[in-house]
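Engineer: show me the folded form of this:
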Amino acid sequence: MKISIIIPTLNEEKYLPNLLKDIKSQNFKDYELIVADDNSTDKTPEIAKKYKAEVVKGGLPGVGRNAGAKIANGDYLFFLDADIRLPKNFLREVYNEMQRRKLGSAICDFRPISRLLIDKVGYKAANLFMKLNQFSNPHASGSSIFVKKEIFDEIGGFNESLRLAEDHDFVKRASKYAPFRVISSVSTKISIRRLEKEGRISLAKKLLRVEFHLAFRGQLKKDVIGYEFGNYQDKKKLEKRLVQVEKQLERIDRNYKKLDQYLKRDQLTQTYKNNLAKLKNQFYSVRKSFLNFIKNKEL
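Structural biologist: Numbering: from 1, shown residues only. The predicted structure is shown next:
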């Protein structure tokens, strides 16, 4: 068995079917499917069994991943969150790239399932952050982590005493045994349900708080941000001010694309200069508007 896919769940009947359909349609078939469920009260276990998954008792994400790994037979463990989507060549490309680059553990880029530029820009920044840190200070999104089974066993899996950032801790320990890198051949798509539930700025502040804690106080054995596993029922409505900021970003994006065409043709005309000045003014306007909004009110 080449790959064991392990999915920690709690009340995921809305999202899990889409991921399982993506897995079923893969052009790579040498895998097994394990769902580690934390006592879901909806149809999550039934859905998992419908797709021939082995269902085991889970817990918080780290606990569930470890529970799934205990019965896994694959040479590689692919830990996936239930709310992601995969391209058809995902399993094959990740497996082949890890083999080719001799990686012991890895993650991949993740892109938001969202039409908002602010979400797309935010996730691009997160991907860049992880790429810049992959060589010396590994970070991971728990939504997709890949590791050799022998390395998982060697480091004892995920640290279940950690309440937060167990994914960062895991890849940092794994990277000491074999190279850890960001996969370049494929990426995942992920829901923005956490952004919608907690608010974009509020969540960003929480993640920064986690980073500062890790940098200056060490591992997070207590929940310092109010993390809830599997609780996404309550959503915040998109603030009117955010909608206005988003429209400004869209105008900037349209003007940037126009300017890019001038640059490609090397047409430094007066029209180009006027558009450049317009874009500059729009950028500073949206920057000021957004910073004022962050200062006075959370999204």
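Engineer: helix or strand with the lowest mean pLDDT in the chain?
Structural biologist: Every helix and strand of the chain was ranked by mean pLDDT, DSSP states H and E. The lowest is helix 200-216, at a mean of 54.
Engineer: which other residues reach the biggest strand by length in the chain?
Structural biologist: Scanning the chain for the longest strand, with DSSP state E as the assignment, gives strand 180-190. With contact meaning CB atoms under 8 Å, 6 or more residues apart in numbering, strand 180-190 is reached by 81, 83-87, 89-90, 93-94, 96-98, 101, 103-113, 127, 130-131, 134, 138, 143-144, 146, 171, 174. Yep, even glycine has a C-beta here, placed from its N, CA and C like the rest.
Engineer: okay, now the unreliable bits of this protein?
Structural biologist: Across the chain, the ranges flagged by pLDDT under 70 are 163-164, 196-299.
Engineer: could you rerun that using 50?
Structural biologist: 210, 212-214, 216, 220, 224-225, 227, 266-268, 294, 297-299 (pLDDT under 50).
Engineer: just the strands from it, written as ranges.
Structural biologist: 3-9, 31-37, 54-57, 76-80, 84-85, 105-112, 144-148, 180-190.
Engineer: and the third one, what does it pack against?
Structural biologist: What that stands for is strand 54-57. Strand 54-57 is packed against strand 31-37, helix 44-50, helix 61-70, with contacts defined by 3 or more CB pairs under 8 Å, 6 or more residues apart in numbering; DSSP states H and E.
Engineer: just the endpoints, please. Distance across stretch 99-115?
Structural biologist: Start-to-end span of stretch 99-115 (CA to CA, to the nearest Å) is 35 Å.
Engineer: show me where the stretch 101-250 of the chain has helices.
Structural biologist: Along the stretch 101-250 of the chain, counting by DSSP state H, counting those that start in this stretch, helices occupy 117-133, 149-155, 166-174, 193-198, 200-216, 240-265.
Engineer: who are the packing partners of the third one?
Structural biologist: Spelled out, it's helix 166-174. By 3+ CB pairs under 8 Å, 6+ apart, helix 166-174 packs against helix 61-70, strand 105-112, strand 144-148, helix 149-155.
Engineer: list the contacts for F158?
Structural biologist: P61, G62, V63, R65, N66, E166, D167, D169, F170.
Engineer: ok, 10 Å please
Structural biologist: The contact partners of F158, by CB atoms under 10 Å, 6 or more residues apart in numbering, come to 60-66, 69, 79, 142, 145, 152, 166-167, 169-170, 173.
Engineer: do K149 as well
Structural biologist: M1, I3, S4, A69, A72, N73, G74, D75, Y76, L77.
Engineer: what's the neighbour count on the fourth one?
Structural biologist: Applying the criterion other CB atoms under 10 Å, we find 22 residues in the vicinity of A69.
Engineer: and it, how close does it get to T9?
Structural biologist: Computed as CB to CB, to the nearest Å, the A69 to T9 distance reads 15 Å.
Engineer: got it, and the last one?
Structural biologist: Relative to T9, L77 is positioned 16 Å away (criterion: CB to CB).
Engineer: more crowded one of these two?
Structural biologist: Each of L77 and T9 had its neighbours counted (other CB under 10 Å), and the higher figure belongs to T9 (29 against 24).
Engineer: isn't that one up against K57?
Structural biologist: No - judged on CB atoms under 10 Å, T9 makes no contact with K57 at a distance of 11.1 Å.
Engineer: and for the two, which residues touch both?
Structural biologist: The contact sets of T9 and K57 overlap at A36, D37, D38, N39, G64 (CB under 10 Å, 6+ apart).
Engineer: give me every residue that touches the second one.
Structural biologist: In other words, D37. Counted by CB under 10 Å, 6+ apart, D37 has contacts 7-12, 16, 44-45, 48, 53, 55-59, 64, 67-68, 82, 230.
Engineer: before we move on, what about the fourth one?
Structural biologist: With contacts defined as CB under 10 Å, 6+ apart, the neighbours of N39 are T9, L10, N11, P45, K57, G58, G59, G230.
Engineer: repeat that for the third one.
Structural biologist: By CB under 10 Å, 6+ apart, the contact list for D38 reads 8-12, 44, 57-61, 63-64, 67, 229-230.
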